[in-house]
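**Student:** take this sequence and fold it.
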Amino acid sequence: MPITSAPPEAAVLPRRNRKAERGEARAGVLFALPWIIGMTLFVAIPLVVTFYIAQTKFQIIGAPKWVGMQNYEALWSDPAFWKSAQNTLIFGAISVPVKLIIALGLALLLNRATALSGFYRTIFYLPFLMPAVAGSVVFMLLLTPNAGPVNIALEAMGLNPPDWLLDPNAALWTLILLSLWPLGVETLVFLGGLQNIPKDVSEAADLDSPKRWHKLVWITLPLITPMVLFNLVIGIIYSFQVFTQAIVIGGTTGTPAEATLMYMVVLYRAAFRYFNMGLAAAMATVLFVVVLILTLLIFKTARSWVHYEGGEI
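**Tutor:** Residues are numbered from 1 along each chain as shown. As a prediction, this is how the structure comes out:
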């Protein structure tokens with residue numbers, strides 16, 4: 001039986017496919033190149049440099065001097081480090097879930113179609129646009145003893161308001177209350193999830209059970225769990241980085257009695273007051289590791305409670 005050779009097109013076609021694939025790969029790299037450059041210059045390199053400085057004695061003037069784990073040992077024996085870590089953990093453990101609950105409630109209200117829906121969304125988003133310093137100052141004026149509108153209103157109702165900013169037992173709660181004010185982003189994220197719920201699913205839930213509580217628990221919440229995950233992760237990350245409100249209210253000493261002394265304030269104080277960049281870098285490294293572990297744990301547990309249209313993650 002004679003041996004027949006393959007037509008020339010059969011050999012040329014794979015080469016053309018490989019050439020097209022290489023061209024698509026190059027185009028993909030070129031499109032991603034700005035992000036790759038930015039990620040390398042502003043995230044990867046600073047991260048590596050921070051890990052290095054954390055193991056050196058560096059006071060801006062002069063070259064870093066290698067000291068190994070001395071900065072971490074200094075943190076371990078620093079009362080301010082532990083106090084700020086405790087305040088930050090309490091702040092995050094209370095503010096994040098409360099903020100999510102309030103934002104979800106506002107989103108449920110805004111999801112109702114009314115003539116003023118757009119106006120209300122703008123109103124709830126405006127506090128997020130206000131600079132943090134200005135918002136903190138306004139908040140302090142509202143809570144001024146004997147002169148602030150909040151205290152005057154509480155006294156008119158026969159209540160005895162606490163000294164919000166000078167009482168060590170109330171100052172941290174005041175800072176938590178201040179963090180609950182700008183809810184625009186979380187509310188809009190939840191609102192986007194609510195508006196993406198298919199109408200046929202919502203109508204079927206109304207026919208199956210007229211109780212709104214059942215619909216919220218068994219239909220609405222499972223369908224917006226991706227938004228809950230997003231707001232939860234972002235909220236935890238930002239709660240560990242609270243700085244502006246804390247330093248405006250309590251300064252670098254956490255007045256009163258270190259009740260408002262947050263982790264980032266101590267880091268700032270080490271870097272720009274005492275010029276101990278090595279200690280500040282060690283604190284930044286600890287913060288990075290803690291936030292990374294918490295984020296990984298959340299994503300690990302999210303497999304059991306976050307649901308997408310295509311199935312669970």
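
**Student:** so Pro182, which of the three states?
**Tutor:** At Pro182 the chain is in coil, as set by DSSP: H, G, I helix; E, B strand; the rest coil.

**Student:** my guess is it meets Phe128, correct?
**Tutor:** Yes - assessed by Cβ atoms under 8 Å, Pro182 is found in contact with Phe128 at 4.3 Å. No exception for glycine: its C-beta is placed from N, CA and C like everyone else's.

**Student:** distance check, Tyr308 against Ser202.
**Tutor:** For Tyr308, the distance to Ser202 equals 18 Å [Cβ to Cβ, to the nearest Å].

**Student:** out of those two, which sits in the busier spot?
**Tutor:** Ser202 (14 against 10; other Cβ atoms under 10 Å).

**Student:** that one: what's it in contact with?
**Tutor:** Lys215, Ile219 (Cβ atoms under 8 Å, 6 or more residues apart in numbering).

**Student:** do Thr187 as well
**Tutor:** Taking Cβ under 8 Å, 6+ apart, one finds Ala103, Leu106, Ala107, Leu110, Arg121, Phe124, Tyr125 in contact with Thr187.

**Student:** give me the neighbour count for Tyr72.
**Tutor:** A total of 15 residues lie near Tyr72 under the criterion other Cβ under 10 Å.

**Student:** measure it to Asp78 for me?
**Tutor:** For Tyr72, the distance to Asp78 - Cβ to Cβ - is 10 Å.

**Student:** how far off centre is whichever strand or helix holds Ile298?
**Tutor:** Taking DSSP states H and E as the criterion, Ile298 maps to helix 277-302. Offset of helix 277-302 from its chain centre (Cα atoms, centre = their mean, to the nearest Å): 13 Å.

**Student:** before we move on, what about stretch 193-206?
**Tutor:** With Cα atoms, centre = their mean as the basis, stretch 193-206 stands 28 Å off its chain's centre.

**Student:** and if you look at stretch 31-42?
**Tutor:** 22 Å.

**Student:** one more: stretch 46-61?
**Tutor:** 25 Å.

**Student:** residues of it that come out buried?
**Tutor:** For stretch 46-61, burial by neighbour count (16 or more other Cβ atoms under 10 Å) applies to Thr50, Ile53, Ala54, Gln55, Thr56, Lys57, Phe58.

**Student:** what do you get for stretch 125-143?
**Tutor:** In stretch 125-143, counting by 16+ other Cβ under 10 Å, buried: Phe128, Ala132, Gly135, Ser136, Phe139, Met140, Leu143.

**Student:** ok, the fourth one - contacts?
**Tutor:** Spelled out, it's Ser136. Applying Cβ under 8 Å, 6+ apart, we find Ser136 in contact with Leu178, Thr244, Gln245, Val248, Ile249.

**Student:** now the most centrally placed residue in the chain: which helix or strand?
**Tutor:** The structure's the chain has its C-alpha centroid closest to Ile234; by Cα atoms, centre = their mean the separation is 2.7 Å. If you go by DSSP H and E, Ile234 is part of helix 225-239.

**Student:** from the contact counts, what lies against that helix?
**Tutor:** helix 79-110, helix 184-195, helix 277-302, strand 307-308 (3 or more Cβ pairs under 8 Å, 6 or more residues apart in numbering; DSSP states H and E).

**Student:** Val43: which of these is closest?
**Tutor:** In terms of Cβ to Cβ, the element of these nearest to Val43 is helix 277-302, at 11.2 Å.

**Student:** I appreciate the help and will end here.
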